[in-house]
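> Sequence first, then the predicted structure:
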Amino acid sequence: TAAAAMADPRMFPSGSNGPEDHAPGRRKYNPYQDLNMPYNYKNLYDLPTSPEFLFEEESAVQRRSWGENLTYYTGIGYLSGAVGGAALGLRDAAAGAEPGETAKIRANRLLNACGSSGRRYGNRLGVIGLMYAGMESGMVAARDQDDWINSVAAGLGTGALFRAANGPRSAAVAGAVGGVLAAAALAGKQLAKRYVQRL
């Protein structure tokens, strides 16, 4: 019978959970009790979730590495340039549409304009992001400090280098614009850290 099977001790060998495992006064089986472990075995499964560093100096630095910085700024620059260029191409395609065109011709013009403009602006801003990331990482490595001077100097150098082929005057103007934009972005980031959490 079912009652006899449940009462049979062979159904529940030593160390297993029997039907009276939760009865009051009954001790639960611990598979680690005979191992004589010098520490709590639960610590084996309590793994850290934070990043691990080889040196304490690396854990104290709260910034991206040069490779992450390069990937981040290049990707953000290309993506934003491609999206903005595609929007401009959409506007140009809509402005150049002629009455009486078929839907196939309009779709072809739209795709060509968005692809061409998006590719052009994406490549341009991607190169700017690449140069900015390289200069900022170089400034951090040279000065061994991470402050606003690195960002502003990288903006100045990026603007000047990007327009250097157009002459010294154009390079100086572009460098000044790059420095101002870098300083404005840094100030906006600091304001966002200070006030956004309070909203």
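Noted; the coordinates are in hand. Not measured: the values here are computed from a predicted model. Numbers count the residues shown, from 1 in each chain.

> Same question for the host helix or strand of Arg91: list its buried residues.
Using DSSP states H and E, Arg91 falls within helix 66-95. Across helix 66-95, burial judged by 16 or more other Cβ atoms under 10 Å covers 69-70, 73-74, 77-78, 81-82, 85-86, 89, 92-93. Just so you know, the C-beta spots here come from the backbone N, C-alpha and C atoms, and that holds for glycine as well.

> just stretch 141-160 next, same as before
Buried residues in stretch 141-160, counting neighbours by 16+ other Cβ under 10 Å, are found at 150-160.

> which ones among those are found in strands?
Among the buried residues of stretch 141-160, the subset assigned to strands under DSSP state E is empty.

> Can you tell me which of those is nearest Glu98?
Within the buried residues of stretch 141-160, the smallest distance to Glu98 is 40.0 Å, found for Gly159 (Cβ to Cβ).

> how much space is there between the closest one and Leu110?
Using Cβ to Cβ, to the nearest Å, Gly159 is found at 33 Å from Leu110.

> and the helix holding Arg91, what other elements does it pack with?
The helices and strands touching helix 66-95, judged by 3 or more Cβ pairs under 8 Å, 6 or more residues apart in numbering; DSSP states H and E, are helix 103-143.
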